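**Student:** structural data only, the sequence is not supplied:
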């Protein structure tokens with residue numbers, strides 16, 4: 001992964017990070033008013049004297065609202081920086097004998113707790129705002145087809161978190177036409193749309209006197225073109241929104257604001273219900289070579305021992321190892337489908353990528369310091385922490401303190417970033433010299449999930465690339481399938497290569513199709529083209 005254009009990729013990442021762009025789908029606005037209330041809170045006020053040793057002169061007073069000594073910052077507020085610094089560096093008292101007498105020497109300043117007093121103060125509390133959620137009424141479409149026998153209505157429900165308040169109205173626009181409903185529920189009739197769908201903007205009004213933020217959704221209703229029958233006909237209905245409560249969206253559709261293909265997706269973007277439908281019987285020469293090198297197959301009849309100097313099996317070795325090769329490349333299929341259903345990343349896409357990246361050998365493959373079935377690199381670990389905040393927020397506290405993680409990946413010190421990347425590699429790395437097969441397959445389950453989250457991070461990175469090139473959302477100028485092709489290329493050769501090709505294609509033709517963009521890959525990046533096309537066949 002990302003073996004090309006590492007320097008360009010790193011520069012590109014920095015450029016992306018500081019460009020003015022939000023990858024969140026909904027064009028959300030701040031609520032119309034700030035909701036606040038106040039309450040009186042009791043607390044203990046501690047009064048401290050700062051005194052000078054020897055004279056016991058009181059040089060200042062410090063007030064705190066917590067147990068324990070004041071901090072240096074608190075001391076600076078009340079006493080000034082000079083005294084606070086002097087106190088902070090004052091050494092402990094020294095005791096020694098002089099002329100048979102005990103002498104105590106205490107230089108500098110010390111603190112004395114003088115009083116404790118119970119007090120009250122007013123605290124301003126931010127209250128939660130109302131929100132709105134959308135679903136369909138009259139149909140519960142299931143992916144991937146999302147087919148309804150009848151055109152449903154859009155159901156919008158308002159939610160007021162304050163118990164003494166209520167939602168009094170739901171309103172918005174659909175394809176520019178306004179709608180308004182009293183109460184906390186609204187049914188909006190849908191109509192057949194174009195392939196691009198229509199935009200819905202919606203919000204709710206509260207008896208508190210304010211409104212929720214404005215949310216958006218993209219809705220597409222397409223006639224299947226099949227006569228209405230019990231098992232056919234009807235309409236394909238797709239909804240993309242941060243407020244959607246229906247079946248999970250196709251992965252990255254929300255990031256790109258892009259509808260998947262109408263109806264059944266192409267095979268390489270499919271997730272079958274039965275893991276046996278993922279089964280393959282590919283002649284994987286490197287995998288056969290690893291199996292032979294671990295002594296898992298008898299190749300005594302092969303003249304060269306069944307393996308070539310580069311570690312790959314020869315024809316004889318592959319033939320002998322064939323039964324194990326077939327079983328091995330299919331042993332992860334059930335886990336791949338589980339992760340696909342958890343994350344929305346297509347199962348067939350993951351399997352195709354694993355075949356290209358590692359030939360399903362989770363140990364070290366071809367290049368050092370790449371790990372897991374997806375052969376993730378150090379730069380790949382950077383990408384997932386930078387571009388997949390949900391993964392960062394779940395993984396970081398397992399390794400570093402919660403306070404450190406609260407600052408985000410870029411807020412970590414460089415050494416802590418390195419520790420986090422190392423922990424990630426440790427979790428996914430499978431090399432095990434003492435294991436019978438040479439790899440520890442117990443880490444593979446994590447490796448599959450990690451890979452899916454890494455692809456989601458690459459989806460976000462591609463979305464940012466397209467926005468910086470066009471100032472448009474990805475789904476408005478590229479198809480869902482081509483956005484996946486850009487993402488696969490981004491994973492393989494890095495964001496520098498993909499960014500250059502996308503910018504050049506847009507500047508020269510104003511078209512962002514894979515067929516157009518792939519012509520602009522520079523020589524160091526051209527390996528992306530056959531790589532993507534093998535995976536998407």
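**Tutor:** Received, thanks. Predicted, not measured: the structure shown is a model, and the values here were computed from it.

**Student:** got the domain boundaries for this structure?
**Tutor:** What automatic domain parsing lists as the domains of the chain is 6-17+344-535, 38-125, 131-241, 272-334.

**Student:** can you redo these as JSON lines with mean pLDDT, mean neighbour count and distance to residue 260?
**Tutor:** The way it works is simple: take the backbone N, C-alpha and C, and place the C-beta from them, glycine included. Listed next are those as JSON lines, based on pLDDT from 0 to 100; neighbours: other Cβ atoms under 10 Å; distance: least, Cβ to Cβ, whole Å:
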{"stretch": "domain 6-17+344-535", "mean pLDDT": "86", "mean neighbour count": "19", "distance to residue 260": "5"}
{"stretch": "domain 38-125", "mean pLDDT": "91", "mean neighbour count": "13", "distance to residue 260": "43"}
{"stretch": "domain 131-241", "mean pLDDT": "91", "mean neighbour count": "17", "distance to residue 260": "7"}
{"stretch": "domain 272-334", "mean pLDDT": "92", "mean neighbour count": "17", "distance to residue 260": "16"}
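
**Student:** out of those domains, nearest to residue 256?
**Tutor:** Smallest distance to residue 256 across those (Cβ to Cβ): 4.0 Å, for domain 6-17+344-535.

**Student:** name whatever forms a beta bridge with residue 376.
**Tutor:** Counting by DSSP bridges, residue 376 is bridged to residue 371.

**Student:** and it, what is it in contact with?
**Tutor:** When contacts are counted by Cβ atoms under 8 Å, 6 or more residues apart in numbering, residue 376 touches 1, 370, 384, 424, 425, 428, 450, 451, 454.

**Student:** again, but for residue 79
**Tutor:** Taking Cβ under 8 Å, 6+ apart, one finds 50, 59, 60, 62, 87 in contact with residue 79.

**Student:** in strands, which of the residues you listed fall?
**Tutor:** Using DSSP state E, the members of the contacts of residue 79 that fall within strands are 50, 59, 60, 62.

**Student:** now, the most widely separated pair of these?
**Tutor:** 59 and 62 (10.5 Å).

**Student:** who touches both of those two?
**Tutor:** 50, 79.

**Student:** rewinding a little: closest to residue 215 out of the contacts of residue 376?
**Tutor:** Of all those, residue 215 sits closest to residue 384, with 27.8 Å by Cβ to Cβ.

**Student:** mind checking the SS state of the closest one?
**Tutor:** Recorded secondary structure, residue 384: helix (DSSP: H, G, I helix; E, B strand; the rest coil).

**Student:** so it makes contact with residue 391?
**Tutor:** Yes. Counting by Cβ atoms under 8 Å, residue 384 does reach residue 391; the two are 5.7 Å apart.

**Student:** list the contacts of residue 52.
**Tutor:** 59, 108, 109.

**Student:** what's the first-to-last distance across stretch 68-82?
**Tutor:** End-to-end span of stretch 68-82 (Cα to Cα, to the nearest Å): 22 Å.

**Student:** ranges for the helices of the stretch 1-150 of the chain?
**Tutor:** For the stretch 1-150 of the chain, applying DSSP state H, counting those that start in this stretch gives helices covering 6-17, 72-79, 81-88.

**Student:** quick one: list the elements packing against the last one.
**Tutor:** Think helix 81-88. helix 72-79, strand 109-126 (3 or more Cβ pairs under 8 Å, 6 or more residues apart in numbering; DSSP states H and E).

**Student:** next secondary structure after the helix ranked longest in the chain?
**Tutor:** Ranked by residue count and defined by DSSP state H, the top helix of the chain is helix 444-470. In the C-terminal direction, the helix or strand that comes right after helix 444-470 (DSSP states H and E) is helix 480-493.

**Student:** and the closest residue to residue 123 other than its chain neighbours, bridged to which residues?
**Tutor:** In space, and not counting its chain neighbours, residue 123 is closest to residue 41: 4.9 Å by Cβ to Cβ, 6 or more residues apart in numbering. Beta-bridge pairing of residue 41 under DSSP bridges involves residue 121.

**Student:** what of residue 206?
**Tutor:** residue 167.

**Student:** pretty sure it is in contact with residue 164, am I right?
**Tutor:** No. The criterion here is Cβ under 8 Å, and residue 206 misses it with residue 164 at 11.0 Å.

**Student:** show me where the protein has strands.
**Tutor:** Listed in chain order, the strands of the chain (DSSP E) span 36-52, 57-64, 94-98, 101-105, 109-126, 131-137, 147-148, 153-159, 167-174, 177-182, 185-189, 198-206, 215-223, 235-240.

**Student:** what does the last one rub up against?
**Tutor:** Looking back up the chat, that one is strand 235-240. 25, 134, 136, 139, 141, 145-148, 150-152, 154, 190, 192, 197, 217-224, 246, 249, 253-254, 257-260, 262-263.

**Student:** isn't residue 316 up against residue 307?
**Tutor:** No. Contact criterion Cβ under 8 Å: residue 316 and residue 307 do not qualify, at 9.5 Å.

**Student:** distance to residue 69 for the contacts of residue 52 - can I get that in JSON lines?
**Tutor:** Shown next, in JSON lines, are these (distance: Cβ to Cβ, whole Å):
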{"residue": "59", "distance to residue 69": "16"}
{"residue": "108", "distance to residue 69": "15"}
{"residue": "109", "distance to residue 69": "12"}
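
**Student:** pick out whichever of those sits closest to residue 311.
**Tutor:** Nearest to residue 311 among the contacts of residue 52, with distances taken as Cβ to Cβ, is residue 108, at 68.3 Å.

**Student:** looking at the chain, which residue lies furthest from center?
**Tutor:** Within the chain, the residue lying farthest from the chain centre (Cα atoms, centre = their mean) is residue 99, at 71.9 Å.

**Student:** minimum distance to residue 34: which of the helices and strands packed on helix 81-88 has it?
**Tutor:** Residue 34 lies closest to strand 109-126 among those, at 7.4 Å (Cβ to Cβ).

**Student:** off-centre distance for the closest one?
**Tutor:** Distance, stretch centre to chain centre, for strand 109-126: 42 Å (Cα atoms, centre = their mean, to the nearest Å).

**Student:** now do stretch 261-273
**Tutor:** Worked out by Cα atoms, centre = their mean, stretch 261-273 lies 23 Å from the chain centre.

**Student:** got the buried residues for that stretch?
**Tutor:** 261, 262, 265, 268, 269, 270, 271 (16 or more other Cβ atoms under 10 Å).

**Student:** and the third one, what's its pLDDT?
**Tutor:** Model confidence at residue 265, expressed as pLDDT, equals 87.

**Student:** now it: closest residue in space, sequence neighbours ignored.
**Tutor:** Nearest to residue 265 is residue 144, by Cβ to Cβ, 6+ apart, at 5.1 Å.
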